[in-house]
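Student: Dropping a prediction and its sequence here:
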Amino acid sequence: QVQLVESGGGLVQAGDSLRLSCAASGRTTSGYAMGWFRQAPGKEREFVAAIRGWSGDSTNYADSVKGRFTISRDNAKNTLYLQMNSLKPEDTAVYYCAARSTRAVRTTANEYDYWGQGTQVTVSS
């Protein structure tokens, strides 16, 4: 089993930056593809970004965050990151970390095996 714990959320103003972290425990996730999803009130959970297992040499981003968000991983620390720059009010949501037990990047939530509890990000205008 893999446990995922997100941190780094908060209340910021439009244009600010935040860095989310996702600490994994239970087993190493080096070979796992990892992703970030978000869910705003009244909306379905949506894909944000994903990174390939092991080398992390392949990433994928939602069009809405491309150029503003960067996903990365530190396998030595078993930790996933999401650097969010130029935040907008429409980025307000609960952000979830997810892991799938193969290395290939995927963008749909039902292809991920493990989920964190989420961290709230609120961007004021």
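Tutor: Cool, got the structure. Numbering: from 1, shown residues only.

Student: Break down the chain into its strands, ranges please.
Tutor: 3-7, 10-13, 18-25, 33-39, 46-51, 59-61, 69-74, 79-84, 93-100, 114-115, 119-124 (DSSP state E).

Student: okay if I get those as JSON lines plus mean neighbour count?
Tutor: Any C-beta I mention is one placed from the backbone N, CA and C, and that applies to glycine too. Below are the strands of the chain laid out as JSON lines (neighbours: other C-beta atoms under 10 Å):
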{"stretch": "strand 3-7", "mean neighbour count": "17"}
{"stretch": "strand 10-13", "mean neighbour count": "13"}
{"stretch": "strand 18-25", "mean neighbour count": "19"}
{"stretch": "strand 33-39", "mean neighbour count": "25"}
{"stretch": "strand 46-51", "mean neighbour count": "22"}
{"stretch": "strand 59-61", "mean neighbour count": "17"}
{"stretch": "strand 69-74", "mean neighbour count": "18"}
{"stretch": "strand 79-84", "mean neighbour count": "23"}
{"stretch": "strand 93-100", "mean neighbour count": "23"}
{"stretch": "strand 114-115", "mean neighbour count": "18"}
{"stretch": "strand 119-124", "mean neighbour count": "17"}
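
Student: In CSV: these, plus distance to residue 106.
Tutor: Shown next, in CSV, are the strands of the chain (distance: least, C-beta to C-beta, whole Å):
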stretch, distance to residue 106
strand 3-7, 16
strand 10-13, 28
strand 18-25, 16
strand 33-39, 6
strand 46-51, 6
strand 59-61, 8
strand 69-74, 13
strand 79-84, 15
strand 93-100, 6
strand 114-115, 13
strand 119-124, 21
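
Student: Dump these into JSON lines; add mean pLDDT and distance to residue 107 as well.
Tutor: What follows is those, written out as JSON lines (pLDDT from 0 to 100; distance: least, C-beta to C-beta, whole Å):
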{"stretch": "strand 3-7", "mean pLDDT": "98", "distance to residue 107": "18"}
{"stretch": "strand 10-13", "mean pLDDT": "98", "distance to residue 107": "26"}
{"stretch": "strand 18-25", "mean pLDDT": "97", "distance to residue 107": "17"}
{"stretch": "strand 33-39", "mean pLDDT": "98", "distance to residue 107": "8"}
{"stretch": "strand 46-51", "mean pLDDT": "98", "distance to residue 107": "4"}
{"stretch": "strand 59-61", "mean pLDDT": "97", "distance to residue 107": "6"}
{"stretch": "strand 69-74", "mean pLDDT": "97", "distance to residue 107": "12"}
{"stretch": "strand 79-84", "mean pLDDT": "98", "distance to residue 107": "15"}
{"stretch": "strand 93-100", "mean pLDDT": "98", "distance to residue 107": "11"}
{"stretch": "strand 114-115", "mean pLDDT": "98", "distance to residue 107": "15"}
{"stretch": "strand 119-124", "mean pLDDT": "98", "distance to residue 107": "20"}
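
Student: Right, I'll leave it there.
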